[in-house]
Structures are given as structure tokens and as C-alpha cells.
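Peer 1: Okay, predicted coordinates and the sequence, questions at the end:
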Amino acid sequence: TVYLDHHATTPLDERVLAAMRPWLTTECGNASSAHRLGSSAAAAVESARIAVAALLGAHDPDEIVFTSGATESNQLAIVGVALKARQLRGARHVLTTAVEHKSVFSAMEYLVEHHGFTSSIVPVDRAGRVDPATIAAAVTTETAVLSTMVANNEIGTIQPVRHIADSVRDSGVALHADATQAMGGIAVSVDDLGVDLLSLSGHKIYGPTGVGALYARRGVPMAALLPGGGQQRGLRGGTFNVAGIVGMGEACRILTATREEESIRTAGLRDRLQSALIEMLPDAEVNGDQENRLPNNLSLSVPGLVAASLMASLPDVIFATTSACSSGGESHVLQAIGQRAEPGTLRLSVGRHTTVDDVDYAARELVSAIRAATGSVMRDVH
Ligand code: PMP
């Protein structure tokens, strides 16, 4: 089986599993307990916090809040900051782009439905990029949060986050970036991007599922959504998921050490896959921004194809049609970029364990299955 769905989730790295194992078995203390096992668990959590901060270039590890994943990080960033901004300065508006992950839209809808906010969604161009001037023009004195992804989970397009940050700098709006997909592929530094808040997730970077982090710059006023027992500066309570957090820290350490080299390798594999497919399928169109794209992403639309049926006929090649979250539904991302061959879209994403043989095998299998499928569509039509 060739796994080409790293955007949906990545396999746990063996080194991460090894780092987690003691915290799932012998080292069983609650990180908030006063005894010896409690303090060693607390030290492990703090060491992981330092590793996440280092990967992001955050100056203070206390700017990292551990969560249950990027869905929660996005919710905490958007709702937590918006509710505080309303209390402090009467803010009532939130703003985002048309290609965000559903968890960003849901957080904004929650504010609209339950807290009387209004929201705006800024369109993107054919490549999926948002124009910094357009988004800056949509910011008003009432805007609490502007949320933009760093890189898209379907088409891999990288947003000009730094330019967006520069263009809204004087407005007082808090800038949140969802870097869930970007972390594994490109350098992500909170200072270089100029963001106040940034979300990431363990299971997209070869760490465990069910753990994530939010970078929250010091001094950005924010309400807690789950204050619980007051853990993590009161921003996110609950008994620490020590093993998960240790795994997240180890995943970040590995990324810090290997990301640059790995991005070159995965881009090579992706390019090889793309060339093989394009050569044999001349009607196919590559989605996303060809210059500003994640190194492991290939989104391909083939007119006349129904990618969902292709999946069933090719059980040995694991790929996605759109995103896992919108499976079965329509892709708002492909609609936002005006891709009309949406049902014929394949999302292929390579990763840390993908080999040249894997992509060559997948290309051969995909080409013959797509030719057979589109051939039969043609016969039906005639
Ligand atoms: N944002 C983006 C861009 C994503 O791709 C995902 C995962 N599909 C999420 C947020 C949600 O992450 P999690 O699964 O950790 O909640």
C-alpha cells in the first residue's frame, strides 16, 4: 500500500513513540501533583513546551498553550480573543479568507450565532491566494480577529501572511494564523510571519493525534474557553496529557532538525509524481499556486473523472478527493478558486516515509485507473 494522504494525518514517528512510551506506562504522575512523579511529569511538559517554542521561534515557552489539536487551537484563538476584545473595546467583527479549514469558519459562526458578532470572508484568486490589500480593506475598527491559514490543506497554497501582517499592523486587530498544514513543509516563525496567534497539530507532524498547540503572543488579551483547574496560565485547564504533549515536543524537535532537508526531498518526490501524471494525462490541471505551494502537495483535477469512484477501484493507493473533513461533500476551496472539474480532483500528499518506488507505483496505477475510468465515462456519453 502506498500512503499519499499526509494532509489528512501522518503516521506516528517511531522516535516519537519511544519518547512517549514511559509517560504512558511507568511515569504515571499527574503533572500538577506535588510528589516526585508529578514533578517529573511537569518537567517533561515544560521541556516539550520549550521544543514547540523553539520550532516556532517564540521567545517565551509560556506563549505556548497545549490543546487537544488544531480545531481547539483555532477555537481558542478566535473565540478567546474575540470575546476579550468585545469586553475591552466593543469589538464585534471577525474576518477570514474563503479557503480556511472548517474549524475556523465554525469558530466564527459560533461568535455570530451566540455572541452577536458579524463576520466577513475575503475571496482568493485562481491560485488560492488572498490579496493583502483586499483583506486589509475589510478590517474595521470593530474587527477583533483576522484569521488566515499559512498553507492550505487541499491545494497547498501558501498565503502571504507577512504581507497581510504588515498591511494590518496599525489597525489593532489580532492576527491568527492556522499553520497546521504548513509546519511540516515550510519554515514557520511567529516573528517572521508577524502573527499574534498560531495553531498547530500533533498528528500532521508525525506526532500523536489529540494534541496540538496554540502560540499566543504575550500581551494579547484573551479569554479562556476551558479554564478548568487553572493550568497553562489559566488559558486552558484540564489534567495535562503528558504522553501526548511529550510526543508533540519530540515531533517538533525532529522537525527542527530535519525539516529543511526533508522539504527538498518531498518536493522532489511530488514533482516526480506530478510530471508522471501530467505527461500521461494531458487534460489534467494542477491546482494551487505553482510557486507558493507546500512541497508535499499535489492537487490534480481531471475533467470527466469521478475521483470518489477511482478511490474504490484503487485500494492500494491511498489518496483523498478533497479534505478528510469535507469528504462526501463539496470542496469550498475548489469552489473558491473556480475549479469546475471538482468531482475529478485528487489530493495526493507525500511524506517522511514515501519513497521513489512508492510514487512511481502510484503514478502507474493512477494513470491506468484514470484512463479506464474516463474512457468509460466517454463511452457512456456517446
Ligand atoms: N486546520 C487545518 C488547515 C487542517 O488541515 C486541520 C486538519 N484537517 C485542522 C485545522 C484541524 O486539526 P485537528 O485535526 O488537529 O483538530
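Peer 2: All right, it came through fine.

Peer 1: Spatially nearest residue to Asp166, not counting backbone neighbours?
Peer 2: Gly194 (6.7 Å; Cβ to Cβ, 6 or more residues apart in numbering). For glycine as for every other residue, the C-beta is placed from the backbone atoms N, C-alpha and C.

Peer 1: gap between the one you found and the ligand?
Peer 2: Between Gly194 and the ligand the computed distance is 19 Å (Cβ to the nearest ligand atom, to the nearest Å).

Peer 1: same thing with Ile264?
Peer 2: Distance from Ile264 to the ligand, counting by Cβ to the nearest ligand atom: 23 Å.

Peer 1: re earlier: the residue nearest to Asp166 - how many residues pack around it?
Peer 2: 17 (other Cβ atoms under 10 Å).

Peer 1: please begin residue numbering at 14 from this point
Peer 2: In the new count, where the first residue is 14, that last one comes out as Gly207.

Peer 1: Which residues are in contact with it?
Peer 2: Contact analysis of Gly207 by Cβ atoms under 8 Å, 6 or more residues apart in numbering lists 174-175, 178-179, 182, 188.

Peer 1: what about the strands in the stretch 164-313 of the chain?
Peer 2: Under the criterion DSSP state E, counting those that start in this stretch, the stretch 164-313 of the chain carries strands at the ranges 187-191, 210-214, 225-229, 298-299, 310-314.

Peer 1: between those strands, which gets nearest to the ligand?
Peer 2: strand 210-214 (3.2 Å; Cβ to the nearest ligand atom).

Peer 1: which of the contacts of Gly207 sit farthest apart?
Peer 2: Greatest spatial distance in the contacts of Gly207: Val174 and Arg182, 12.6 Å, computed using Cβ to Cβ.

Peer 1: which of those two has more neighbours?
Peer 2: Using other Cβ under 10 Å as the criterion, Val174 and Arg182 rank with Val174 on top: 24 against 12.

Peer 1: contacting residues around the more buried one?
Peer 2: Applying Cβ under 8 Å, 6+ apart to Val174 gives the contacts 161, 163, 190, 206-208.

Peer 1: Before we move on, what's the pLDDT of it?
Peer 2: Turning to Val174, the model gives it a pLDDT of 98.

Peer 1: now it: how far from Ala195?
Peer 2: Separation of Val174 from Ala195 (Cβ to Cβ, to the nearest Å): 9 Å.

Peer 1: Flag every buried residue along the strand ranked longest in the chain.
Peer 2: Ranked by number of residues, the top strand in the chain under DSSP state E is strand 156-162. By neighbour count on 16 or more other Cβ atoms under 10 Å, the buried set for strand 156-162 is 156-162.

Peer 1: can you tell me which of those are up against the ligand?
Peer 2: Met162 (Cβ under 6 Å from any ligand atom).

Peer 1: mind giving me CSV with the buried residues of strand 156-162 and columns for distance to Asp26?
Peer 2: Shown next, in CSV, are the buried residues of strand 156-162 (distance: Cβ to Cβ, whole Å):
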residue, distance to Asp26
Thr156, 39
Ala157, 37
Val158, 33
Leu159, 34
Ser160, 29
Thr161, 29
Met162, 24
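
Peer 1: Turn the buried residues of strand 156-162 into a markdown table, including pLDDT.
Peer 2: Output for the buried residues of strand 156-162, formatted as a markdown table (pLDDT from 0 to 100):
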| residue | pLDDT |
| --- | --- |
| Thr156 | 98 |
| Ala157 | 98 |
| Val158 | 98 |
| Leu159 | 98 |
| Ser160 | 98 |
| Thr161 | 98 |
| Met162 | 98 |
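
Peer 1: tally of neighbours for the nearest residue to Ala61 once chain neighbours are set aside?
Peer 2: Spatial nearest neighbour of Ala61, excluding adjacent residues (Cβ to Cβ, 6+ apart): Gly262 at 2.7 Å. Residues lying near Gly262 (other Cβ under 10 Å) number 31.

Peer 1: Same question for Ile291.
Peer 2: Considering only other Cβ under 10 Å, Ile291 is surrounded by 15 other residues.

Peer 1: Output the longest helix belonging to the chain.
Peer 2: Longest helix of the chain, by residue count under DSSP state H: helix 255-293.

Peer 1: so how far is it off the chain centroid?
Peer 2: On the basis of Cα atoms, centre = their mean, to the nearest Å, helix 255-293 is displaced by 14 Å from the centre of the chain it belongs to.

Peer 1: which SS class is the nearest residue to Met293 once chain neighbours are set aside?
Peer 2: Excluding the flanking residues, the one nearest Met293 by Cβ to Cβ, 6+ apart is Val380, at 4.4 Å. Assigned with DSSP: H, G, I helix; E, B strand; the rest coil, Val380 falls in the helix class.

Peer 1: Would you agree Val380 is in contact with Leu290?
Peer 2: Yes: with contacts counted by Cβ atoms under 8 Å, Val380 reaches Leu290, the gap being 6.6 Å.

Peer 1: The two: which has the busier surroundings?
Peer 2: Per other Cβ under 10 Å, whichever of Val380 and Leu290 has more neighbours is Leu290, with 22 against 16.

Peer 1: any idea how far that one is from Ala83?
Peer 2: 29 Å.

Peer 1: Pretty sure Met33 sits against Pro221.
Peer 2: Yes: contact criterion Cβ under 8 Å: Met33 and Pro221 qualify, at 6.8 Å.

Peer 1: Next, show the common contact partners of the two.
Peer 2: 256-257, 260.

Peer 1: can you map out the helices along the stretch 114-263 of the chain?
Peer 2: Applying DSSP state H, counting those that start in this stretch to the stretch 114-263 of the chain gives helices spanning 115-128, 145-150, 174-181, 203-206, 255-293.
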